[in-house]
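Undergrad: generate coordinates for the sequence data below:
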Amino acid sequence: MANFEDSPNGGGGYLRFLKFSPSQDKIYVSTYSPYLNKYLTDDNNKFVLNYPMTQAHYTLEVNVEGSGSTTISPLRESYVFGSVVNLTVTPEPGWTFQEWSGDLTGNTNPTSITMYHNKNITATITQDHYTLEVNVEGSGTVTTNPTQTFYVYGDIVSLTAVRSLGWNFIGWSGDLSSTDNPASIVIDSSKKITLTFTEKQYTWPVTVFGTLVGYMLREAMFFFLTIVHLFLLILAQFARAEYYVS
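TA: Numbers count the residues shown, from 1 in each chain. Purely as a prediction, here's the structure:
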């Protein structure tokens with residue numbers, strides 16, 4: 001400390017200046033008057049103090065909740081005051097980054113943080129949920145295994161088509177293109193599938209149908225002619241009987 005008030009002219013406006021040199025662990029002291037534009041250079045007003053100075057170092061700890069990883073750049077064991085560190089979250093497939101917490105808040109990714117003290121940060125990553133929708137065209141049903149409200153990335157779902165009587169299974173379309181039954185699908189996003197059935201059509205070959213109709217017509221005609229012939233014979237017998245009676 002220095003007090004120049006007792007000096008002539010109220011101290012002459014002298015001020016004590018200190019210059020810190022952490023690399024040399026020294027403090028350079030000088031005395032100067034802006035009013036007089038003059039330095040005092042005696043040993044009491046210009047000297048050097050030896051003072052050990054070490055730069056503060058701060059640690060950065062980043063934890064992950066969920067499935068994924070973080071990239072820290074630059075990656076160091078410790079950081080000095082004012083260092084800027086970049087942070088990037090990379091979720092695993094089927095997971096989504098939600099937010100930072102602790103000494104960093106928000107959901108910006110990538111982001112950065114300035115080191116003023118030790119930092120402890122958590123990156124929260126949540127698992128995605130996907131839906132499976134199966135629509136049926138025609139008459140029939142579908143069974144899913146497993147049957148769930150939602151699925152997660154990588155789930156395998158088995159689909160079985162059950163046709164109604166008189167209907168045929170055609171195939172799957174949409175997010176599943178297949179004619180296999182049962183079929184399976186791997187969930188990596190929400191899926192929408194259509195199951196198609198068509199009604200059976202029964203047809204007779206033309207030649208067989210024509211032959212059958214012709215046969216039936218011939219048989220019917222033969223039966224009709226036989227009946228007429230018998231009827232005429234009966235009438236003839238009645239006519240003879242009347243003739244002999246008369």
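Undergrad: low pLDDT regions in the chain?
TA: Confidence mapping of the chain against pLDDT under 70 gives the ranges 1, 4-11, 203-215, 236, 238-246.
Undergrad: list the residues that contact Arg18.
TA: One thing to correct before we go on: residue 18 is Leu, not Arg. By C-beta atoms under 8 Å, 6 or more residues apart in numbering, Leu18 lies in contact with Ile27, Tyr28, Val29. No exception for glycine: its C-beta is placed from N, CA and C like everyone else's.
Undergrad: also Phe169?
TA: Gly140, Ala161, Arg163, Asn181, Thr196, Phe197.
Undergrad: could you redo the last one with a cut-off of 7 Å?
TA: Counting by C-beta atoms under 7 Å, 6 or more residues apart in numbering, Phe169 touches Ala161, Arg163, Asn181, Phe197.
Undergrad: and the last one, bridged to which residues?
TA: When bridges are assigned using DSSP bridges, the partners listed for Phe197 are Phe169.
Undergrad: count of residues packed around Glu199?
TA: 10 (other C-beta atoms under 10 Å).
Undergrad: how much space separates the residue lying closest to it once chain neighbours are set aside from Gly102?
TA: In space, and not counting its chain neighbours, Glu199 is closest to Trp167: 5.5 Å by C-beta to C-beta, 6 or more residues apart in numbering. Shown here: Trp167 relative to Gly102, a distance of 60 Å by C-beta to C-beta, to the nearest Å.
Undergrad: next up, phi/psi of the residue nearest to Glu199, please.
TA: Dihedral pair for Trp167: phi -130, psi 150, per degrees, to the nearest 10.
Undergrad: burial measure for it, as a count.
TA: 14.
Undergrad: show me how the record splits this protein into domains.
TA: The record's domain parsing of the chain by automatic domain parsing lists 12-50, 57-127, 132-199.
Undergrad: next one: the longest one to chain centre, how far?
TA: In terms of C-alpha atoms, centre = their mean, to the nearest Å, the gap separating the centre of domain 57-127 from the centre of its chain is 22 Å.
Undergrad: and the end-to-end length of that domain?
TA: 36 Å (C-alpha to C-alpha, to the nearest Å).
Undergrad: also stretch 32-50?
TA: First residue to last in stretch 32-50 (C-alpha to C-alpha) measures 21 Å.
Undergrad: pull the residues that contact it.
TA: In contact with stretch 32-50 (C-beta under 7 Å, 6+ apart) are residues Gly12, Gly13, Tyr14, Leu15, Phe17, Asp25, Lys26, Ile27, Tyr28, Val29, Ser30, Thr31.
Undergrad: do that again at 6 Å, thanks
TA: For stretch 32-50, the external contacting residues (C-beta atoms under 6 Å, 6 or more residues apart in numbering) are Gly12, Gly13, Tyr14, Leu15, Lys26, Ile27, Tyr28, Val29, Ser30, Thr31.
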